[in-house]
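1. Pasting the sequence and the predicted model now:
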Amino acid sequence: QVLPSPWARQARSYYVDWRMLRDVKRRRLGVEYADERLRINAIRKNTILPKELQEVADKEIADLPRDSCPVRIRNRCVLTSRPRGVKRRWRLSRIVFRHFADHAQMSGIQRAMW
Amino acid sequence: MKVEVSYRKKLQEIKAREIAKQATDKLEGPDSEGAALRRTAEHIQRVKPLNPELVEAASAVASSLPLNKKQTESELLAQLRRHEETTDKQKKGGTINIRNVISEMAVKKQSRAQRAVRISNRISLELDEDGQRIKPQSFDSRRSLKVGKRLNIFAKASTERENALKTVSSPTIWDVEFAKEIAAVTAQPPRNGFEEMIEWTKEGILWEFPIDNEAGMEDDAEFHEHIFLEKHLEDFPKQGPIRHFMELVICGLSKNPYLSVKQKIEHIEWFHKYFEEKKEFLQEI
C-alpha cells in the first residue's frame, strides 16, 4: 500500500521524449492484454483443436490493438531514453551508468582492475 | 504479699476522721493556733488529700511489718504524697526540663564494623536462577497493603460490568480524512537518512527488510485447491477435443505456482465463455 508523503519530493513531470511516452503506452497495454493474448495463443498453438477454430483465433488476436503485444516494448534508458546500450539491471544507458559510477553514486560499483 | 483491709474497718475509719474534722473545725475556729492549724489543714486539703484507701493500705502494711510501725507508716504516707505530687504536675503539664533530660543522654557511637555491615547490606551479590541479582531483603516484617482489618475509610467502588459489548462503528470517511490530516500536519520532515528510509517504507518505495518473498501475496488456499481443478470442468463436454484441450490446460495450471486459485478459476472461466460463443461455429464443423 502506497501512502502519499505529506512533503513533496522532486518529481519528473515530463517524460524525456515522445518515444519514451509511446514505450510507456505499449507497456501499459501489454500488461492489460497479457492474459487474453496468452489464452488465444494457447488455442492457436495446438494440435488438438480443429484448424478452423485456430484460424478464428488468429483473426481475433490480430484484431487486438497493435501496442498490446509485448514484442513492441523496447527497454530504453530510464533517464535519457536511449534505445541502445542499456543495461537491464539498472535500466540505464551505458553513458549515464558510467557517469554515476564515477561519481560514486552507484552502490557496489567499482572500477574493474585485474 | 497481699494486705487485707476489711470494708468495715474502712468505714469506721472514715467516719472517725469526719467526726474528728468537724470537731477540730468547731474547736479551733476562734483560736489563732486553730487558724494556723486550719491554714495547714487547708494547705493539705489544697494539695489534695490522699486516697483513704491508700492510707488504710499503708497502715495495714506498717502493722504487718515487724519494724517500728509508726515510722514505717509515716514514711509510706510521705511516699504516697510525693507520688501524688508528681502525678499532679504531669497532669497540669508541668515543667519537663528537656535540657536536664538530654544532658544525661549520650550519643550512641557506631563502631566501624557496624557501619560497614550496614553499607554492605545494601549490596547483595546473590544471583537468581535467571542470573538476575536478588534485591537485599530490607525489613521483612513490613506489612503488606492487604493485611489487617479493613478501616472502611473509602466507599467500595461499584464494579459495574458492562454486559453489552460496545459496538465500535467502522471509521467513516470523515474520520479517515481527519486522521490523515492530523498525520500530515504533525509529520516533521525527516531529520536524517534513517527517518527518510522509514518514510519510504511507509510509502511503499522501499521494501521491508528482511525481505519476505511472499510480501503482497495472500494465498490462503490449500494445495488441493491448486491441483485438483477437475471440478471446474463440469460445464465442458465430456468427450471430444475440447475436453482433451481443457484437461491439458488444467494439468498446466496445477503445476503453476505463480497464479492464485482465483486467477486459475478465471482462466478456466474465460475458456468456457470463449467456447460457448464459438458453439454455433463448432456445430458446423
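-> Received the coordinates, thanks.

2. CA atoms for contacts and neighbours, from now on please.
-> Will do.

3. mind saving the C-alpha coords of stretch A:101-114 as PDB?
-> Taking C-alpha atoms only, stretch A:101-114 is exported to PDB below (Å, rounded to 0.1, in the frame of the first residue of the first chain):
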ATOM      1  CA  ALA A 101      29.600   5.100 -11.200                       C
ATOM      2  CA  ASP A 102      32.400   7.600 -11.500                       C
ATOM      3  CA  HIS A 103      30.700  10.000  -9.100                       C
ATOM      4  CA  ALA A 104      30.300   7.000  -6.600                       C
ATOM      5  CA  GLN A 105      26.500   7.100  -6.800                       C
ATOM      6  CA  MET A 106      26.100   3.500  -7.800                       C
ATOM      7  CA  SER A 107      26.000   1.200  -4.800                       C
ATOM      8  CA  GLY A 108      28.500  -1.600  -5.000                       C
ATOM      9  CA  ILE A 109      30.100  -0.500  -8.400                       C
ATOM     10  CA  GLN A 110      33.800  -0.200  -8.600                       C
ATOM     11  CA  ARG A 111      36.200   0.300 -11.400                       C
ATOM     12  CA  ALA A 112      37.400  -3.100 -12.600                       C
ATOM     13  CA  MET A 113      41.100  -3.700 -12.300                       C
ATOM     14  CA  TRP A 114      42.700  -7.100 -12.500                       C
END
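
4. mind listing what's buried in it?
-> Burial within stretch A:101-114, assessed by neighbour count using 16 or more other Cα atoms under 10 Å in any protein chain shown, is assigned to residue A:101.

5. Now do the same for residue 110: helix, strand or coil?
-> Reading this off chain A. coil (DSSP: H, G, I helix; E, B strand; the rest coil).

6. shouldn't it be in contact with residue A:103?
-> No: Residue A:110 lies out of contact with residue A:103 (Cα atoms under 8 Å); the separation is 10.6 Å.

7. Below-threshold pLDDT in chain B: ranges please.
-> For chain B, the stretches with pLDDT under 70 are B:1-7, B:9-10, B:20, B:23-50, B:93-96, B:138-143, B:157-169.

8. Now do the contacts for the residue in the stretch 51-200 of chain B positioned nearest to chain A.
-> Nearest residue of the stretch 51-200 of chain B to chain A (Cα to the nearest Cα) works out as residue B:184 at 5.3 Å. Shown in contact with residue B:184 (Cα atoms under 8 Å, 6 or more residues apart in numbering or on different chains): residue A:6.

9. and the next element down the chain from the host helix or strand of it?
-> Here residue B:184 is covered by helix B:173-186, with elements defined by DSSP states H and E. Counting by DSSP H and E, the element after helix B:173-186 in chain order, helix or strand, is helix B:193-203.

10. okay, that next one in PDB with CA atoms only?
-> Written as PDB, here are the backbone C-alpha positions of helix B:193-203 (Å, rounded to 0.1, in the frame of the first residue of the first chain):
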ATOM      1  CA  GLY B 193      18.600   9.200   6.400                       C
ATOM      2  CA  PHE B 194      17.000   6.600   8.700                       C
ATOM      3  CA  GLU B 195      13.800   8.700   9.000                       C
ATOM      4  CA  GLU B 196      13.800   9.200   5.300                       C
ATOM      5  CA  MET B 197      14.000   5.400   4.700                       C
ATOM      6  CA  ILE B 198      11.200   4.900   7.200                       C
ATOM      7  CA  GLU B 199       9.000   7.300   5.200                       C
ATOM      8  CA  TRP B 200      10.000   5.400   2.000                       C
ATOM      9  CA  THR B 201       9.000   2.100   3.600                       C
ATOM     10  CA  LYS B 202       5.600   3.500   4.600                       C
ATOM     11  CA  GLU B 203       5.000   4.800   1.100                       C
END
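
11. Where is the longest helix in the chain?
-> Just going to use chain A. Counting residues, the longest helix in chain A under DSSP state H turns out to be helix A:18-32.

12. Actually, chain B is the one I wanted.
-> Under DSSP H, the helix in chain B containing the largest number of residues is helix B:69-92.

13. how far does it sit from the chain's center?
-> 54 Å (Cα atoms, centre = their mean, to the nearest Å).

14. next structured bit after it?
-> Taking DSSP H and E, what comes next after helix B:69-92 is helix B:98-104.

15. that older thread, flag every buried residue along the following helix or strand past the longest helix of chain A.
-> Of the helices and strands lying after helix A:18-32 in sequence (DSSP H and E), the nearest is helix A:34-44. Within helix A:34-44, the residues scored as buried using 16+ other Cα under 10 Å are A:37, A:39-40, A:43-44.

16. for stretch A:74-90, same thing?
-> Result for stretch A:74-90 [16+ other Cα under 10 Å]: buried residues A:74-78, A:81-82, A:86.

17. how much space between the residue of the stretch 51-200 of chain B closest to chain A and residue B:192?
-> For residue B:184, the distance to residue B:192 equals 19 Å [Cα to Cα, to the nearest Å].

18. Which of the buried residues of stretch A:74-90 sits closest to chain B?
-> The shortest approach to chain B among the buried residues of stretch A:74-90 belongs to residue A:78, at 17.0 Å (Cα to the nearest Cα).
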